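Undergrad: A predicted structure for the sequence below; I have some questions about it.
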Protein chains: 2
Amino acid sequence: MATIYQVSEAAGVSLATVSRVMNGNAKVSERTRKKVESAMASLGYQPNAIAQSLASNRTNSVGLLVSELHGSYFGDLMSTVENVLKRNGKHVIITAGHVDEKREHEAIEFLKSRRCDALILHAEAVSDDYLKKLVNSKVPVVVINRKVDELEQNCFVVDNVKGGYLATKAAIDAGHKNIAYISGPLFKKDASDRLAGHKKALEEAGLTFDSNSTFEGDFHESSGQEGMQHLQATFPDFTALVCANDEMASGAMTAAREAGFDIPSKLSIVGFDNVLFSRYLYPKLTTINNPIHAMGEMAAHWVLEHVYDIKSPVPIEHLFVPEVVDRDTLGTL
Amino acid sequence: MATIYQVSEAAGVSLATVSRVMNGNAKVSERTRKKVESAMASLGYQPNAIAQSLASNRTNSVGLLVSELHGSYFGDLMSTVENVLKRNGKHVIITAGHVDEKREHEAIEFLKSRRCDALILHAEAVSDDYLKKLVNSKVPVVVINRKVDELEQNCFVVDNVKGGYLATKAAIDAGHKNIAYISGPLFKKDASDRLAGHKKALEEAGLTFDSNSTFEGDFHESSGQEGMQHLQATFPDFTALVCANDEMASGAMTAAREAGFDIPSKLSIVGFDNVLFSRYLYPKLTTINNPIHAMGEMAAHWVLEHVYDIKSPVPIEHLFVPEVVDRDTLGTL
DNA sequence: CTACTCAATGTAAGCGCTTACAAAATATCG
DNA sequence: CGATATTTTGTAAGCGCTTACATTGAGTAG
């Protein structure tokens, strides 16, 4: 593997000059630039990014922490972030935290040890305090899908309360009065916010909230099935079921079908997130759009602007509004 | 950010000693190890991975190229690879090639410039020659889902011909005689292999292959819908439809439903890959298991064994056999 | 022709580590 | 107890770049 030194020799110039043409910054005469470039080409020279980073204290890479490497939600997030960053010549280093405090912590430390120029975190398990400390350290950080007090400027979140509200409101508007709810794990802020929105919509419509109408799931498919089964016992007669995400809605649909409910004639279902596969489901899932794409883009632009001085083409927003995606699983009563 | 130098000062030892306790390799007396460790702790020292890499010529990271960062298939692959590598203290740097020769090439060059210790490539667009050159250069490379002549030892593939054969055979065994097929883009080896398997099964059963019975899709959902519509015109009366992947099968199911076909009573459908969501579909998709999980694991173990001298717990295999996953979309005639 | 600019290039000191090799400290043994 | 083997520690030379500063060499004005 050729080094800059060999290039400089071949081109008959100094290291500094080669470095200059590589970085295109300083003024190099056309003649020597040509010489250097042809030397590079003939040696198949490829700069050593590691050495560049060490010397320049810039890695041109931003760390991205997600909970999992699979799943539609994270797939969308990773894709979006990578796209806008790559378009600007920056690279993404992705790690997974698996919603586990220790592993998230390690993942973040890993990204820091790789000297990422900035971090984009979808951190679910790590404490607010840790995040605050992180933000106050040297490395620029943005947090996705989590609002931390005092860190508003670094957070990009969807209005989960509103989303939860809209989901249930849609069911109410369709004439439903007995509405069951499968929540996410309530220690997670987004899950509890969505539930809060659900309650708000009920209240506003003069419906009373019955604690038997709710099942606490874990955001995974299977807990949607469990929830459906559980709710049939604790809260029979519900005509609509709102789920805190699409995975659980899918599970609930399966369970409902097995229990002989036709969707949506006998049971309406509303999801949340609008992940890609929600549209492949049958019937196509009515859900709440979670603008993960927009948030990822915004987070990436924030980084470009704050770290690399590349102005964002769009104004930086921190709060995103969810919307109802009306498809086929919500029937009028 | 503390450096090794500051640690060495605080502990009253030399750089080398600090380095030694960090790497745990050389013999350091218990006493000085303690001193160094407490100095590290009190300084919050975190080694600079970049500097370590430059000095040691080891990055402890392996590059992973996938076509996309989203999608079940790649999600599974990334997860699996990351899991086994992380378990062994290695890190994964993920990039996307987007099935475009130029972008794949760039992505690989990026991984090389980051001095990854090894590369795991799901490369679809780059030429065989390029891959051969790559393998013959310094960096250890493994290729997933693509068999390159002369590079058998570096390739991990599923037997696509057999998979295609099994899918169609399953339909034949269920009594179907008019079997349509939606293939992937035929310039891709896996797509053409699967189609070859399909033809082989037909032939073996004494059924003649009618070119009107086939539609060339692009492996995406929407081309499944198109394919279904197209085939109704060119090859009416088919009772079973075999699709070269699950996404297209899902699209075909949607189109079939819209056209009023009940699945599986009026139309049977068989997919390929057994991605996660195939089980969420309604009816649950009968498909061919593509052991992407196993391949990812194997690729990771190959790297651990060949690059890091960590013996693989399982014998290294290069060819994986697909199997039928019998669910609800294949009906007997 | 000399003095002075200013652009183009070179020199060399790091960046934070690893690791041969050398030196010092300690253990072993007759 | 001294000589030798062995363990522990230190010294210093890189790894492949970037970049502040120094140098060179034209070009320009007087």
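TA: Cool, got the structure.
Undergrad: How many residues are close by the residue nearest to A:Val135 when sequence neighbours are not counted?
TA: Using Cβ to Cβ, 6 or more residues apart in numbering or on different chains and skipping the chain neighbours, the partner closest in space to A:Val135 is A:Val141 (5.0 Å). Quick note: C-beta positions are derived from backbone N, CA and C, even for glycine. Neighbourhood size, A:Val141 [other Cβ atoms under 10 Å in any protein chain shown]: 25.
Undergrad: For A:Val141, give me its contacts.
TA: A:Ala118, A:Leu119, A:Ile120, A:Leu121, A:Leu131, A:Leu134, A:Val135, A:Asn154 (Cβ atoms under 8 Å, 6 or more residues apart in numbering or on different chains).
Undergrad: of all those, which two lie farthest apart?
TA: Using Cβ to Cβ, those span at most 14.3 Å, a distance reached by A:Ala118 and A:Leu131.
Undergrad: okay, these two: which has more neighbours?
TA: Using other Cβ under 10 Å as the criterion, A:Ala118 and A:Leu131 rank with A:Ala118 on top: 24 against 21.
Undergrad: how near is that one to DNA strand D?
TA: For A:Ala118, the distance to DNA strand D equals 17 Å [Cβ to the nearest atom of the strand, to the nearest Å].
Undergrad: how about that residue, phi and psi?
TA: For A:Ala118, the backbone dihedrals (degrees, to the nearest 10) come out as phi -160, psi 160.
Undergrad: next one: the one 3 residues further on
TA: Torsion angles at A:Leu121 (phi, psi; degrees, to the nearest 10) stand at phi -120, psi 130.
Undergrad: ok, it - how many residues close by?
TA: Using other Cβ under 10 Å, A:Leu121 has 27 neighbouring residues.
Undergrad: mind listing what the spatially most central residue of chain A touches?
TA: For chain A, the residue nearest the mean C-alpha position is A:Leu77 (4.3 Å; Cα atoms, centre = their mean). For A:Leu77, the contacting residues are A:Leu64, A:Val66, A:His122, A:Ile144, A:Ile292, A:Met295, A:Gly296, by Cβ under 8 Å, 6+ apart.
Undergrad: What distance do you get for it to B:Asn289?
TA: 28 Å (Cβ to Cβ, to the nearest Å).
Undergrad: DNA strand C contacts on the stretch 1-150 of chain A?
TA: A:12-17, A:20, A:26-29, A:31-32, A:54-55, A:57 (Cβ under 7 Å from any atom of the strand).
Undergrad: so which of those residues also contact DNA strand D?
TA: Within those, those near DNA strand D by Cβ under 7 Å from any atom of the strand are A:Leu15, A:Ala16, A:Arg20, A:Leu54, A:Ala55.
Undergrad: Take those and write them to a markdown table, including secondary structure, neighbour count and distance to A:Lys284.
TA: A markdown table is the format used below for these (DSSP: H, G, I helix; E, B strand; the rest coil; neighbours: other Cβ atoms under 10 Å in any protein chain shown; distance: Cβ to Cβ, whole Å):
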| residue | secondary structure | neighbour count | distance to A:Lys284 |
| --- | --- | --- | --- |
| A:Leu15 | helix | 13 | 61 |
| A:Ala16 | helix | 11 | 61 |
| A:Arg20 | helix | 18 | 57 |
| A:Leu54 | helix | 19 | 52 |
| A:Ala55 | helix | 12 | 54 |
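Undergrad: Farthest pair within the residues you listed?
TA: Among those, A:Arg20 and A:Leu54 lie farthest apart (Cβ to Cβ), at 18.4 Å.
Undergrad: In this structure A:Asp149 contacts A:Leu131, no?
TA: No: with contact defined as Cβ atoms under 8 Å, A:Asp149 does not count as touching A:Leu131 (10.3 Å).
Undergrad: Can you pull the residues that touch both of these two?
TA: With Cβ under 8 Å, 6+ apart as the test, A:Asp149 and A:Leu131 reach no residue in common.
Undergrad: mind listing what A:Glu203 touches?
TA: A:Glu203 neighbours (Cβ under 8 Å, 6+ apart): A:Phe209.
Undergrad: Does it fall in a helix, a strand, or a coil region?
TA: Three-state assignment for A:Glu203 (DSSP: H, G, I helix; E, B strand; the rest coil): helix.
Undergrad: And for A:Ala300?
TA: helix.
Undergrad: Same check on the one 4 residues further on?
TA: Per three-state DSSP, the secondary structure class of A:Leu304 is helix.
Undergrad: Identify the residue nearest it in space, chain neighbours excluded?
TA: Closest to A:Leu304 by Cβ to Cβ, 6+ apart is A:Ile310, at 4.1 Å.
Undergrad: Next: A:Asp218.
TA: In space, A:Asp218 is closest to A:Pro185, 5.4 Å off (Cβ to Cβ, 6+ apart).
Undergrad: who in the stretch 1-150 of chain A is up against chain B?
TA: A:1, A:46-51, A:53-54, A:59, A:68-72, A:74-76, A:78-79, A:82, A:91-96, A:109-110, A:112-115, A:138 (Cβ under 8 Å from any Cβ of the partner chain).
Undergrad: In strands, which of those residues fall?
TA: A:His91, A:Val92, A:Ile93, A:Ile94, A:Thr95, A:Ala96 (DSSP state E).
Undergrad: Count the residues that sit near the nearest residue to A:Lys90 once chain neighbours are set aside.
TA: Among residues not flanking A:Lys90 along the chain, A:Asn60 sits closest, at 5.5 Å (Cβ to Cβ, 6+ apart). Counted with other Cβ under 10 Å, the neighbours of A:Asn60 add up to 17.
Undergrad: Would you mind listing what in chain A touches DNA strand D?
TA: Looking at DNA strand D, the residues of chain A close enough under Cβ under 7 Å from any atom of the strand are A:1, A:3-5, A:15-16, A:18-20, A:22-23, A:25, A:45, A:47-48, A:51-52, A:54-56.
Undergrad: Filter those down to the buried ones, ChimeraX style.
TA: To isolate the buried ones among the residues of chain A next to DNA strand D in ChimeraX, judged by 16 or more other Cβ atoms under 10 Å in any protein chain shown, type:
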select /A:3,4,18,19,20,22,45,47,48,51,52,54
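Undergrad: can you pull out the strands in the stretch 151-300 of chain A?
TA: A:155-158, A:179-183, A:214-216, A:240-243, A:268-270, A:287-289 (DSSP state E, counting those that start in this stretch).
Undergrad: Can you add mean pLDDT and distance to chain B and give those back as TSV?
TA: Formatted as TSV, the strands of the stretch 151-300 of chain A follow (pLDDT from 0 to 100; distance: least, Cβ to the nearest Cβ, whole Å):
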stretch	mean pLDDT	distance to chain B
strand A:155-158	96	19
strand A:179-183	98	16
strand A:214-216	98	19
strand A:240-243	98	13
strand A:268-270	98	12
strand A:287-289	98	14
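Undergrad: Just name the most buried of those strands.
TA: strand A:240-243 (a mean of 32; mean count of other Cβ atoms under 10 Å in any protein chain shown).
Undergrad: Determine the set of other helices and strands touching that one.
TA: With contacts taken as 3 or more Cβ pairs under 8 Å, 6 or more residues apart in numbering or on different chains; DSSP states H and E, strand A:240-243 sits against helix A:160-173, strand A:179-183, helix A:221-234, helix A:246-258, strand A:268-270.
Undergrad: one more time with 10 Å, if that's ok
TA: Other helices and strands packing on strand A:240-243, by 3 or more Cβ pairs under 10 Å, 6 or more residues apart in numbering or on different chains; DSSP states H and E, are helix A:160-173, strand A:179-183, helix A:189-204, strand A:214-216, helix A:221-234, helix A:246-258, strand A:268-270, strand A:287-289.
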